[in-house]
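Student: What would the 3D arrangement of this be:
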Amino acid sequence: MSIHFDHTIVGVRDKHATAAYLSELLGLPPAVPYGPFLMHSFGNGAHVHFADSQAAPTSTHLAFRAGEVDFAAVLDRLGRRGIPHWADPFKREPDALYIDGTDRGFYWDDPDGHVLELITRPAATRAGSRVRSGS
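Tutor: Numbering: from 1, shown residues only. Presented below is the predicted three-dimensional model:
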């Protein structure tokens with residue numbers, strides 16, 4: 001297929017704070033300026049652009065994929081900062097991971113209420129049957 005996802009723009013209260021938050025938790029390099037945005041680039045060529053928003057930000061879901069070592073490091077960083085996470089995006093299963101075939105994942109909120117997800121396998125390879133696991 002010749003069509004690839006390139007980027008999304010996420011409205012936030014403070015693009016510098018949000019970009020730094022994501023850099024710290026995901027272990028990314030600092031975001032770079034790109035026009036009026038701050039941009040994070042990812043290994044697959046996709047980008048997230050953060051824009052300061054005068055209006056209250058609308059919640060967005062952003063899913064990131066990581067290998068097992070980075071997955072564990074992000075989970076550890078969340079724990080050290082006291083940031084809650086859930087096995088589901090509806091926050092019914094606190095302090096847990098989901099297991100979907102060979103994929104593991106969890107959700108947490110950024111300071112603007114955007115729902116972030118970290119997974120270990122591409123979404124298209126999932127079995128489609130989630131099991132809860134304490135983390």
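Student: quick one, what contacts the residue nearest the centre of the chain?
Tutor: Centroid-nearest residue in the chain, with C-alpha atoms, centre = their mean: Leu116, separated by 3.6 Å. For Leu116, the contacting residues are 61-64, 107-110, by C-beta atoms under 8 Å, 6 or more residues apart in numbering. No exception for glycine: its C-beta is placed from N, CA and C like everyone else's.
Student: Next one: the residue nearest to Ala123 when sequence neighbours are not counted from Gly105, what distance?
Tutor: Distances taken as C-beta to C-beta, 6 or more residues apart in numbering place Ala63 nearest to Ala123, at 7.1 Å, with adjacent residues excluded. From Ala63 across to Gly105, the span is 8 Å (C-beta to C-beta, to the nearest Å).
Student: Next: Ala31.
Tutor: According to C-beta to C-beta, Ala31 stands 23 Å off from Gly105.
Student: that older thread, looking at Ala63 and Gly105, which is more packed in?
Tutor: Each of Ala63 and Gly105 has its neighbours counted (other C-beta atoms under 10 Å); Gly105 has more, 24 against 13.
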